[in-house]
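[1] Only the shape, not the letters, is given here:
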């Protein structure tokens, strides 16, 4: 497996401690999760029903303010896994496929493409994507928080074969999303990926969505097959995505928490690289490895990156006890 | 979506009634499910951990009595979806791929292949698979219960490119499984698919496995990507697959229930086509459509097949109240 946040078992192997003793800040998963609704026996026992899935899609359509076709999948990751085969179908002919990803970013996009035998070129900015058969950008970007204006991406769609925009961290920035711009009259070669588990803090459920023009989504649905999303994920998504007050409260709380974390970090002599509402990336003057090691000594897990020795990414602590422990660890 | 059992929402649209008012016998899902274990918050909130997944694999290895490499997926269906891309990688060259499926059977095997542009030939028996690039058989078969001896299938593997054996209904017939025959010295071109949700009655969780030689399984793991199975599915599978007494009791109970259902059906003038421990398929002298309609009038849903007007498939009722209602409906 490629290196990822959320690998608490590796932290435990290196530093010890029961899973419950750790604060895992190595991901961008909200540590104040949406309260998991009670499950009906049918959610566990029966095959997921078409009407429940349709209702989940309706909830997602409203939450993401879109008229696009929507396919629920087992996480945004599951959509990433389908992209290479879709690209191979769309790019006929014997020549090599021109695949580009705005980097650095979440490594599974390039990983899935190269795993399928498609060479990937890392580029520095969305403007460098023009001319590609498949072009990928994460907006806002992970881990540096770069933001790309929707108008720029929509204009770019005219000049690429397939444009994949991963909005896994866009829940708190609806103005940045392409979702409201999809639908009739919009380019029909854009896929927007959304994550449920990160913002709603329920990553174990495996739920995400891919949005786009109806023919593209129908093809992806066929590739994913029936019952691609579990009953518990459908049950939780139907309720959580309709809870606009929880979403608004969480966005407000996360904004406060980001300012609080930035203040702690700056007081420690770190500089902010950038971030989203769910994580912050800092440059560490003494290097990220020693900072990660020091935090791990307090059973706080963080994320470092193979391509930037001095970058360290932190998710946001949940309750006050977690903030207190982080404050002590950074002192 | 292709026609399937478990489509209770279609039954309700046609015949009315709340979901809870129906007995869904249109699937082969055990209606006496394994008791869902309590979930820890981490099962829902955190990304599934590597060590938990490794432990699930260990539980599956023991339950299926195999030394093969194992990949957990979101249902046997998820493995079916990966087969076409795997076949395309293995069969180089410009010629058409020779894909064959022993029919009639579960329609998603041919569906996934044809959906990926691979024409499929339906054949009558495993011996007709020899020479194929990809050969698929379901053992025991759905819906007619045909059984293929493991030795015959292992011998067949020498004469096909990739042999896919779907053992979704083999839990109660371990002697029929290829799983114990996989591993060192066995053919390295066999994939065995196992379902968790059917026998354990937890189909909504989406859990299944694909077993085979390590290089094949590693390739499938790369295609499936990280976190392909949810936290709740991992948690349930780790416990349920280790519960040998529950498995033995369920096999015994299902055998009794099959005899009981066959007796009811024969008393109604139906003939047994065949079946497995989890479903029975009958020929209905007056045609299956009218029998399905009559049962639906009692809010009991059954499965009919587009290719056999007089075949009707029934899963096994769960508690005594369900048996009583079925008995009354068949009177």
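    That came through, no problem. All figures in this text were calculated on a predicted structure; none of them were measured in a lab.

[2] any idea how far chain B is from residue A:203?
    5 Å (C-beta to the nearest C-beta, to the nearest Å). Backbone N, C-alpha and C define where each C-beta goes, glycine included.

[3] ok, the closest residue to that residue other than its chain neighbours - contacts?
    Closest residue in space to residue A:203, ignoring its immediate chain neighbours: residue A:197 at 3.5 Å, by C-beta to C-beta, 6 or more residues apart in numbering or on different chains. Contact analysis of residue A:197 by C-beta atoms under 8 Å, 6 or more residues apart in numbering or on different chains lists A:29, A:75, A:203-208, B:47.

[4] could I get those residues as TSV with secondary structure, neighbour count and distance to residue B:307?
    Output for those, formatted as TSV (DSSP: H, G, I helix; E, B strand; the rest coil; neighbours: other C-beta atoms under 10 Å in any protein chain shown; distance: C-beta to C-beta, whole Å):
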residue	secondary structure	neighbour count	distance to residue B:307
A:29	coil	26	47
A:75	coil	28	36
A:203	helix	29	42
A:204	helix	31	41
A:205	helix	30	37
A:206	coil	30	35
A:207	coil	30	36
A:208	strand	28	36
B:47	coil	25	43
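
[5] Residue B:149: which of those residues is nearest?
    Set against residue B:149, the nearest of those by C-beta to C-beta is residue A:206 (37.7 Å).

[6] same question for the longest strand anywhere in chain A, mean pLDDT?
    Secondary structure of chain A per DSSP state E: the longest strand is strand A:308-315. In this model, strand A:308-315 has a mean pLDDT of 98.

[7] packing partners for it?
    When contacts are defined as 3 or more C-beta pairs under 8 Å, 6 or more residues apart in numbering or on different chains; DSSP states H and E, strand A:308-315 sits against strand A:279-283, helix A:288-297, strand A:303-305.

[8] which of those is buried the deepest?
    strand A:279-283 (a mean of 24; mean count of other C-beta atoms under 10 Å in any protein chain shown).

[9] pLDDT below threshold where in chain A?
    A:1 (pLDDT under 70).

[10] how about the spatially most central residue of it, phi and psi?
    By C-alpha atoms, centre = their mean, chain A has its centre lying nearest to residue A:168, at 2.9 Å. Backbone torsions of residue A:168, given as degrees, to the nearest 10, read phi -60, psi -20.

[11] Now do the strands in the stretch 101-250 of chain A.
    Remark: strands assigned in the stretch 101-250 of chain A by DSSP state E, counting those that start in this stretch are A:120-123, A:134-138, A:162-166, A:190-195, A:208-212.

[12] Measure how the last one sits relative to strand A:190-195, angle-wise.
    Here strand A:208-212 runs at an angle of 160 degrees relative to strand A:190-195 (axes from the mean of the first three to the mean of the last three C-alpha atoms, to 10 degrees).

[13] secondary structure class for the residue of chain A most remote from its centre?
    Ranked by distance from the centre of chain A (C-alpha atoms, centre = their mean), the top residue is residue A:94, with 33.1 Å. The three-state label for residue A:94, taken from DSSP: H, G, I helix; E, B strand; the rest coil, comes out as coil.

[14] For it, give me its contacts.
    Listed by C-beta under 8 Å, 6+ apart, residue A:94 has no contact partners.

[15] can I assume residue A:98 is in contact with residue A:133?
    Yes: with contact defined as C-beta atoms under 8 Å, residue A:98 counts as touching residue A:133 (4.6 Å).

[16] Check which residues of stretch A:258-277 are buried.
    Judged by neighbour count (16 or more other C-beta atoms under 10 Å in any protein chain shown), stretch A:258-277 contains these buried residues: A:258, A:261-262, A:264-265, A:270, A:273-277.

[17] Just to be sure, which of those residues are found in helices?
    Using DSSP state H, A:258, A:261-262, A:264-265 are the members of the buried residues of stretch A:258-277 that sit in helices.

[18] will you turn these into a markdown table that also has distance to residue B:212?
    Converted to a markdown table, these look like this (distance: C-beta to C-beta, whole Å):
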| residue | distance to residue B:212 |
| --- | --- |
| A:258 | 46 |
| A:261 | 46 |
| A:262 | 49 |
| A:264 | 49 |
| A:265 | 47 |
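
[19] check those residues against chain B, which are close?
    Contacts with chain B are made by none of these, judged by C-beta under 8 Å from any C-beta of the partner chain.

[20] Among those residues, which one lies nearest to residue A:182?
    The closest of those, once distances to residue A:182 are taken by C-beta to C-beta, is residue A:258, at 28.1 Å.

[21] wait, what's in contact with the closest one?
    Applying C-beta under 8 Å, 6+ apart to residue A:258 gives the contacts A:275, A:277, A:280, A:316.

[22] The second one reaches residue A:168, doesn't it?
    No: at 11.8 Å, residue A:277 and residue A:168 do not qualify as touching, with contact defined as C-beta under 8 Å.

[23] Could you report the neighbour count for the nearest residue to residue A:228 once chain neighbours are set aside?
    Of all residues not flanking residue A:228 in the chain, residue A:73 sits nearest, at 5.6 Å (C-beta to C-beta, 6+ apart). Around residue A:73 there are 27 other residues, counting by other C-beta atoms under 10 Å in any protein chain shown.

[24] and the residue farthest from the centre of chain A, what are its phi and psi?
    According to degrees, to the nearest 10, residue A:94 has phi -90, psi -10.

[25] ok, it to residue A:238 distance?
    Distance, residue A:94 to residue A:238, using C-beta to C-beta, to the nearest Å: 46 Å.

[26] Which positions in the stretch 101-250 of chain A make contact with chain B?
    Within the stretch 101-250 of chain A, the residues that sit near chain B (C-beta under 8 Å from any C-beta) are A:108, A:112, A:115-117, A:197, A:201-206, A:222-233.

[27] Can you tell me which of the strands of the stretch 101-250 of chain A is most buried?
    Stretch with highest mean neighbour count among the strands of the stretch 101-250 of chain A: strand A:208-212 (a mean of 29; mean count of other C-beta under 10 Å).

[28] Would you map the helices across the stretch 1-150 of chain A?
    For the stretch 1-150 of chain A, the helices defined by DSSP state H, counting those that start in this stretch occupy A:8-15, A:41-45, A:50-63, A:76-90, A:108-115, A:150-157.

[29] Save those helices as a markdown table, and put in mean neighbour count and distance to residue B:309 too.
    A markdown table is the format used below for the helices of the stretch 1-150 of chain A (neighbours: other C-beta atoms under 10 Å in any protein chain shown; distance: least, C-beta to C-beta, whole Å):
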| stretch | mean neighbour count | distance to residue B:309 |
| --- | --- | --- |
| helix A:8-15 | 16 | 54 |
| helix A:41-45 | 21 | 31 |
| helix A:50-63 | 18 | 25 |
| helix A:76-90 | 22 | 37 |
| helix A:108-115 | 20 | 45 |
| helix A:150-157 | 17 | 50 |
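
[30] how far off strand A:308-315 does the strand or helix carrying residue A:252 point, in degrees?
    For residue A:252, the host element (DSSP states H and E) is helix A:244-267. Here helix A:244-267 points in a direction 140 degrees away from that of strand A:308-315 (the same axes, to 10 degrees).

[31] What is the neighbour count of residue A:158?
    Based on other C-beta under 10 Å, the number of other residues close to residue A:158 is 10.

[32] In space, what's closest to it - neighbours in sequence excluded?
    residue A:187 is the one closest to residue A:158 (C-beta to C-beta, 6+ apart), at 6.7 Å.

[33] was I right about the one you found contacting residue A:154?
    Yes: checked against C-beta under 8 Å, the pair residue A:187 and residue A:154 is within contact range at 6.5 Å.

[34] Contacts for the helix or strand just after the longest strand of chain A next, please.
    Using DSSP H and E, the next helix or strand after strand A:308-315 towards the C-terminus is helix A:320-330. Applying C-beta under 8 Å, 6+ apart, the contact partners of helix A:320-330 are A:23, A:25, A:31, A:260, A:264-265, A:267-268, A:294-295, A:297-298, A:300, A:317.
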